[in-house]
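> fold the following and give me the result.
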Amino acid sequence: MANTPARAESSCEGIPVLLLVGGMGTRLRPVLSGKPKPLAPIGDVPFLQLLVLQLRSQGLRRLVMCTGFQADKIQQEFGDGRKWNVTIDYSEETRPLGTAGAIKLAERFLSSASEFVVVNGDSFLELDLSRLIQFHRENGGWASIAVRRVPDAARYGTVHVGGQNRVVRFSEKMGIQEPGLVNGGVYVFNRDVLQHIPDGPSSLEKNVLPGLLKHGVFALEQNGLFIDIGTPDDYARAQALYHSLSRAAFSDSQIGFQNRPHR
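A predicted model of the protein is given here:
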């Protein structure tokens with residue numbers, strides 16, 4: 001990746017990150033009994049650890065884990081974050097709130113932030129976060145999304161982008177095996193977005209993002225490694241890609257080698 005650690009620090013320092021890790025992971029239960037999906041082992045580390053290390057390696061140290069299902073296990077694993085030289089707070093939902101509802105519940109952790117990052121806890125996208133944040137500031141919209149072109153978008157919703165990288169519409173999963181531009185699960189939002197998320201259960205993808213189009217939603221295409229672990233097949237693929245995921249998580253890392261996962 002092109003950015004240097006110093007650049008990442010200057011662009012990202014102080015920006016809070018919400019990690020959406022509250023899902024039940026129903027489809028993974030046959031291969032992951034007894035653990036929440038974000039703690040699925042990849043190599044010998046939890047998948048969520050790769051996300052934490054990726055964020056820290058690019059200068060994002062203020063993390064909020066939006067937990068739900070088996071929240072206690074995630075908190076036991078990561079604690080206050082000092083092991084990874086980050087700070088971790090927890091926003092625990094007592095009932096399933098969906099992706100947008102979880103963000104709204106965590107609003108109290110964003111009181112001093114004019115912008116914040118959101119990362120899905122079950123997918124990994126190799127990207128330059130400082131570039132995404134700068135892209136967001138340059139365009140002046142309310143939301144920016146990292147997107148990835150994939151050869152088979154059947155199990156994803158697709159993102160349709162017009163001129164100047166502005167998103168014009170979102171399409172639901174169609175089950176049609178064809179190439180498409182998909183949501184990579186990493187966002188930058190202005191805090192104004194919080195006013196457009198209702199209390200209670202709601203979906204970021206279905207209920208919130210389409211309504212933000214009039215305020216400006218922009219997409220920055222990425223070309224790096226992208227994988228989610230939502231199905232047993234993709235989880236198996238993530239296992240096979242462990243070394244590549246680990247290298248991507250440490251791009252531009254400033255973390256000491258003592259905290260790297262074993263190879």
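> I'd guessed residue 166 sits against residue 214; true?
No: the pair formed by residue 166 and residue 214 falls short of the contact definition of Cβ atoms under 8 Å, at 11.0 Å. (Glycine included, C-beta is placed from N, CA and C.)
> and the two? Which one has more around it.
Comparing residue 166 with residue 214 by other Cβ atoms under 10 Å, the one with more neighbours is residue 166, at 14 against 8.
> and the pLDDT at the more buried one?
What the model reports as pLDDT for residue 166 is 98.
> quick one: it from residue 190, how far?
Residue 166 sits 15 Å away from residue 190 when distances are taken as Cβ to Cβ, to the nearest Å.
> can you check residue 213 too?
In this structure, residue 213 and residue 190 are 14 Å apart, going by Cβ to Cβ.
> compare these two (neighbour count), which wins?
Regarding residue 213 and residue 190, a neighbour count based on other Cβ under 10 Å identifies residue 190 as having more, with 20 against 16.
> check which helix or strand covers residue 146.
Secondary-structure element containing residue 146, defined by DSSP states H and E: strand 143-150.
> could I get the buried residue list for that strand?
For strand 143-150, a neighbour-count test (16 or more other Cβ atoms under 10 Å) marks 143-148, 150 as buried.
> low-confidence bits of this protein, can you list those?
For the chain, the stretches flagged by pLDDT under 70 are 1-11, 174-175, 251-263.
> what segments of it are strands?
Along the chain, the segments classed as strands by DSSP state E run 16-21, 41-42, 45-46, 62-67, 87-92, 115-120, 123-125, 143-150, 158-161, 167-171, 180-190, 217-222, 226-228.
> can you tell me how far the most centrally placed residue in the chain is from residue 65?
Per Cα atoms, centre = their mean, the C-alpha nearest to the average position across the chain is that of residue 119, at 1.7 Å. The spacing between residue 119 and residue 65, counted by Cβ to Cβ, is 10 Å.
> could you do residue 42 as well?
From residue 42 across to residue 65, the span is 18 Å (Cβ to Cβ).
> so between those two, which is more surrounded?
Neighbours per residue (other Cβ under 10 Å) separate residue 42 from residue 65, with residue 65 holding more: 27 against 22.
> make sure the more buried one is actually in contact with residue 21.
Yes: contact status for residue 65 versus residue 21: in contact at 5.4 Å, counting by Cβ under 8 Å.
> list residues touching both of those two?
Common neighbours of residue 65 and residue 21, using Cβ atoms under 8 Å, 6 or more residues apart in numbering, are 74, 121.
> ok, and the closest non-adjacent residue to residue 206?
Nearest-residue entry for residue 206: residue 172, 7.7 Å, with adjacent residues in sequence omitted and distances by Cβ to Cβ, 6 or more residues apart in numbering.
> err, residue 80, not the other one
The spatially closest residue to residue 80, leaving aside those adjacent along the chain, is residue 88, at 5.7 Å (Cβ to Cβ, 6+ apart).
> could you list every residue that touches that neighbour?
Neighbouring residues of residue 88 by Cβ under 8 Å, 6+ apart: 63-65, 78-81.
> now with 6 Å, please.
With Cβ atoms under 6 Å, 6 or more residues apart in numbering as the criterion, the residues that contact residue 88 are 63, 78, 80-81.
> just those: which are in helices?
Secondary structure of the contacts of residue 88 is defined by DSSP state H; positions in helices are residue 78.
> from the contacts of residue 88, which would you call buried?
Among the contacts of residue 88, those classed as buried by neighbour count (16+ other Cβ under 10 Å) are 63, 78, 81.
> would you list those residues in TSV and tack on distance to residue 124?
As requested, these are exported to TSV (distance: Cβ to Cβ, whole Å):
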residue	distance to residue 124
63	16
78	17
81	19
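> ok, so of those, who is nearest residue 206?
For the buried ones among the contacts of residue 88, the residue nearest residue 206 by Cβ to Cβ is residue 63; the value is 25.6 Å.
> before we move on, back to that, what angle sits between the strand holding residue 146 and strand 115-120?
Note on geometry: by axes from the mean of the first three to the mean of the last three Cα atoms, to 10 degrees, strand 143-150 and strand 115-120 are set 30 degrees apart in direction.
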